[in-house]
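Engineer: Fold the stuff below for me.
(one chain, ligands or ions: 2)
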Amino acid sequence: MPFIEVSGVSKSFPIKGGTRHVLQNVSLSVEQGEFVAIVGSMGSGKSTLLSLLAGLTTPDAGTIRIGGEPLKGIRRDAAFVFQNYSLLPWLTALENVRLAVGAAFPELSRDQQRSRAQQTLEGVGLGNALARRPGQLSGGMRQRVAIARALATEPQVMFLGEPLGALDALTRESLQGELARLCGEGDGRVTTVMITNSVDEAILLSDRIVPILPGPPATLGTPIEVALPRPRSAALLAHDDEAARVRTHVIATLTAALSGTSRTRKAAAAMRQHEAESSERKATEMTIPAAEEAR
Ligand SMILES: Nc1ncnc2c1ncn2[C@@H]1O[C@H](COP(=O)(O)OP(=O)(O)O)[C@@H](O)[C@H]1O
Ligand SMILES: [Mg+2]
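Structural biologist: Residues are numbered from 1 along each chain as shown. Ligands and ions are numbered 1, 2, ... in the order given. Have a look, this model is predicted:
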């Protein structure tokens, strides 16, 4: 049985003079320990879908089950990292994480909570910033604290809402690598749903990519498997044929949905062309070492 099961979910909002249908007949299954990325352009309904999964809002129609039970509000075993999910400004990085640990593990002593918080912060490279308040941290460091806070509670399920979306490109790239490492570690991986507008971020982190096809109302496209070994790094993926194939497939799906059926054929043709080229490239690469060995 999938850990997360979304079936026929629709969501609309009342707006001036009518109704905005944001999501229609959305279905999605996420297995235990799986990392699924939902990728789509701005305004397509990603945040709306994540709020539903997180139990912050309820669907108009359809059902959401997590861990075999119908979702009723925020789960205690869930952790969240949102784009601007603020830390408490008057607490140090250590106390921000310690507070979350205390809520998840009230049976631990303060000292035990503090040492677990410290360990997790060291794990995200913030061992030297434990005593700093959010105002004394860069945007990237603040998101590291938010990620540490989520991981330190040992959640059953994590919801990542464009966690790196507000960062500059270079900081985003380095934190992506960090997240890839953190999310790929250990055997008991946390079931994770991430929304993002970055296809590369999705390829770096996820087992499956689900394109959100803009409407309105938006629907979900067919999931695309990311069959790449872990840990993955941006540098490796930049030259990987499978990564290129997934990237082209996701972009073609999103582009086709955006520009209507007349362009669908063009996108499909572009993808076939790319696949032909990359298999050609693979053939060349295979002949080079053979030629060198012969010398
Ligand atoms: N509470 C709301 N009331 C009215 N419209 C909303 C509300 N929340 C989201 N929307 C609309 O739903 C659409 C999708 O929004 P959102 O889920 O935030 O997209 P994304 O996260 O992909 O950028 C947008 O057109 C947005 O304006
Ligand atoms: Mg959003």
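Engineer: Residues of this protein that sit close to ligand 1?
Structural biologist: 13, 15, 20, 22, 40, 42-48 (C-beta under 6 Å from any ligand atom). Any C-beta I mention is one placed from the backbone N, CA and C, and that applies to glycine too.
Engineer: Quickly note the distance from the most centrally placed residue in the chain to ligand 1.
Structural biologist: When C-alpha atoms, centre = their mean is applied to the chain, the residue found nearest the centroid is residue 194 (2.5 Å). Separation of residue 194 from ligand 1 (C-beta to the nearest ligand atom, to the nearest Å): 12 Å.
Engineer: How about that residue: which residues does it bridge to?
Structural biologist: Residue 194 has these beta-bridge partners by DSSP bridges: residue 37, residue 160.
Engineer: who touches it in this structure?
Structural biologist: 35-38, 159-161, 163, 201-202, 205-206 (C-beta atoms under 8 Å, 6 or more residues apart in numbering).
Engineer: Need the buried ones from those residues selected in ChimeraX.
Structural biologist: Restricted to buried positions by 16 or more other C-beta atoms under 10 Å, the ChimeraX selection for the contacts of residue 194 reads:
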select :35,36,37,38,159,160,161,163,201,202,205,206
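Engineer: out of the contacts of residue 194, who's nearest residue 135?
Structural biologist: Closest to residue 135 out of the contacts of residue 194 is residue 163 (20.1 Å), distances taken as C-beta to C-beta.
Engineer: could you measure the closest one against residue 179, distance?
Structural biologist: Distance from residue 163 to residue 179, counting by C-beta to C-beta, to the nearest Å: 7 Å.
Engineer: Also residue 229?
Structural biologist: Taking C-beta to C-beta, one finds residue 229 at 17 Å from residue 179.
Engineer: Which of those two has more residues huddled nearby?
Structural biologist: residue 179 (23 against 8; other C-beta atoms under 10 Å).
Engineer: so the more buried one makes contact with residue 147?
Structural biologist: Yes. With contacts counted by C-beta atoms under 8 Å, residue 179 reaches residue 147, the gap being 6.9 Å.
Engineer: OK, contacts around residue 96?
Structural biologist: 87-88, 134, 145, 149.
Engineer: and those, which are buried?
Structural biologist: If we count by 16+ other C-beta under 10 Å, those have these buried: 87, 134, 145, 149.
Engineer: what's the distance between residue 17 and residue 251?
Structural biologist: 36 Å.
Engineer: now do residue 68
Structural biologist: Distance, residue 68 to residue 251, using C-beta to C-beta: 36 Å.
Engineer: neighbour-wise, which of these two wins?
Structural biologist: Shown here are residue 68 and residue 251; by other C-beta under 10 Å, residue 251 has more neighbours (17 against 9).
Engineer: Tell me the secondary structure of that one, please.
Structural biologist: Three-state assignment for residue 251 (DSSP: H, G, I helix; E, B strand; the rest coil): helix.
Engineer: Just the pLDDT for the nearest residue to it once chain neighbours are set aside.
Structural biologist: With sequence-adjacent residues excluded and distances taken as C-beta to C-beta, 6 or more residues apart in numbering, residue 251 is closest to residue 199, at 6.1 Å. Per-residue pLDDT puts residue 199 at 95.
Engineer: Pretty sure residue 199 sits against residue 253.
Structural biologist: No. Between residue 199 and residue 253 there is no contact, the gap being 10.2 Å when judged by C-beta under 8 Å.
Engineer: ok, the two, which is more surrounded?
Structural biologist: Set residue 199 next to residue 253 and count neighbours by other C-beta under 10 Å: residue 253 wins out with 22 against 19.
Engineer: May I have the residues that are in contact with the residue lying closest to the more buried one once chain neighbours are set aside?
Structural biologist: Spatial nearest neighbour of residue 253, excluding adjacent residues (C-beta to C-beta, 6+ apart): residue 211 at 4.7 Å. Contact analysis of residue 211 by C-beta under 8 Å, 6+ apart lists 38-40, 220-222, 224, 250, 253-254, 257.
Engineer: and which of those is nearest to ligand 1?
Structural biologist: Of all the contacts of residue 211, residue 40 has the smallest distance to ligand 1: 5.7 Å, by C-beta to the nearest ligand atom.
Engineer: residue ranges with poor pLDDT in the stretch 51-200 of the chain?
Structural biologist: 85, 184-188 (pLDDT under 70).
Engineer: Nearest to ligand 1 within it, name that residue for me.
Structural biologist: residue 195 (6.6 Å).
Engineer: how far away is that residue from residue 25?
Structural biologist: Distance from residue 195 to residue 25, counting by C-beta to C-beta: 19 Å.
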